[in-house]
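Student: With the input below, show me the fold.
(2 chains)
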Amino acid sequence: QVQLVQSGAEVKKPGASVKVSCKASGYTFADYHVFWVRQAPGQGLEWMGRISPNSGGTDYAQNFQGRVTMTRDTSISTAYMELNRLRSDDTAVYFCARVSHYDSGSLDYWGQGTLVTVSS
Amino acid sequence: DIQMTQSPSTLSASVGDRVTITCRASQSINRWLAWYQQKPGRAPKLLIYKASTLESGVPSRFSGSGSGTEFTLTISSLQPDDLATYYCQQYNSFWTFGQGTKVEIK
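Tutor: Down below sits the predicted model:
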């Protein structure tokens, strides 16, 4: 069965960087774009960007341009999201998700989420 | 950027009620719209894609409709398990989520 398993919770200081991993299993990793979505405490969902595991090509949301980097390691079916220059308002749960098998934009499988806390 | 506006922000209904949530896009997104259900502490779950196609395994009491700029998610007979927050998401031009609608059971 399809699974996306994310790395554990992180606590970071303002100005630091965080790198979250998302390991895929149960399908051909290279065939489906991986998206990253975050959710601040008590807030809604915010799209951060996506990566093509096949080509490594990325699209980033404007809000994160210059601060986020998405990469992948196809040999271990893992996608990564690195966010730099962390601020307190980056405190959120970060989700990875796979694009749907049936269309190019909905997200049919999600990781369990990784809580990133930014605090001095 | 395309903005997505959901209404209402919160709704309270009884078991068995018909419930409708609306999502409006700031410009036409054709039918490139998905709906998700999120329960507290959990990842979102895909319910509907391409505005009206039910994801496999989702109960048939959920349905979606609309095109262009106005869309609806309907729960035909609300069940206790439907307590959750529901989000719309457009994918006509990049990706944007609505702010969510919290469904409470009376």
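Student: From now on I want contacts and neighbour counts done on CA atoms only, so please keep to that.
Tutor: OK.
Student: give me phi/psi at A:Ile76?
Tutor: Note on A:Ile76: backbone dihedrals following degrees, to the nearest 10 are phi -120, psi 20.
Student: Same question for A:Val116.
Tutor: phi -110, psi 120.
Student: What separation do you get for it and A:Arg85?
Tutor: Here the criterion is CA to CA, to the nearest Å. By it, A:Val116 lies 13 Å from A:Arg85.
Student: ditto for A:Glu46
Tutor: From A:Glu46 to A:Arg85 the distance is 18 Å (CA to CA).
Student: more neighbours, those two?
Tutor: Shown here are A:Glu46 and A:Arg85; by other CA atoms under 10 Å in any protein chain shown, A:Glu46 has more neighbours (21 against 14).
Student: Okay, now the sheet partners of the helix or strand containing that one, with direction.
Tutor: Using DSSP states H and E, A:Glu46 falls within strand A:45-51. Strand A:45-51 pairs in its sheet with strand A:34-39 (antiparallel), strand A:58-60 (antiparallel), by DSSP bridges.
Student: and the nearest residue to B:Gln90 once chain neighbours are set aside, what does it touch?
Tutor: Once flanking residues are discounted, B:Gln90 sits nearest to B:Leu33: 4.6 Å by CA to CA, 6 or more residues apart in numbering or on different chains. Going by CA atoms under 8 Å, 6 or more residues apart in numbering or on different chains, B:Leu33 touches A:106, B:49-51, B:88-92.
Student: just to revisit the earlier point, between the strands paired with strand A:45-51, which one is closest to B:Thr74.
Tutor: Of all those, strand A:34-39 sits nearest to B:Thr74, with 24.5 Å by CA to CA.
Student: got the contact list for that closest one?
Tutor: A:45-53, A:79, A:81, A:92-99.
Student: Return the set of buried residues in that strand.
Tutor: The neighbour-count check on strand A:34-39 (16 or more other CA atoms under 10 Å in any protein chain shown) flags A:34-39 as buried.
Student: Quick check: what element follows the helix or strand containing A:Val5 along the chain?
Tutor: Here A:Val5 sits within strand A:3-6, counting by DSSP H and E. Sequence-wise, the next helix or strand downstream of strand A:3-6 (DSSP H and E) is strand A:10-12.
Student: Run through the strands of chain B in chain order.
Tutor: Ranges of strands in chain B, per DSSP state E, are B:4-7, B:10-13, B:19-25, B:33-38, B:45-49, B:53-54, B:62-67, B:70-75, B:84-90, B:96-97, B:101-105.
Student: try chain A
Tutor: Listed in chain order, the strands found in chain A under DSSP E are A:3-6, A:10-12, A:18-25, A:34-39, A:45-51, A:58-60, A:68-73, A:78-83, A:92-99, A:107-110, A:114-118.
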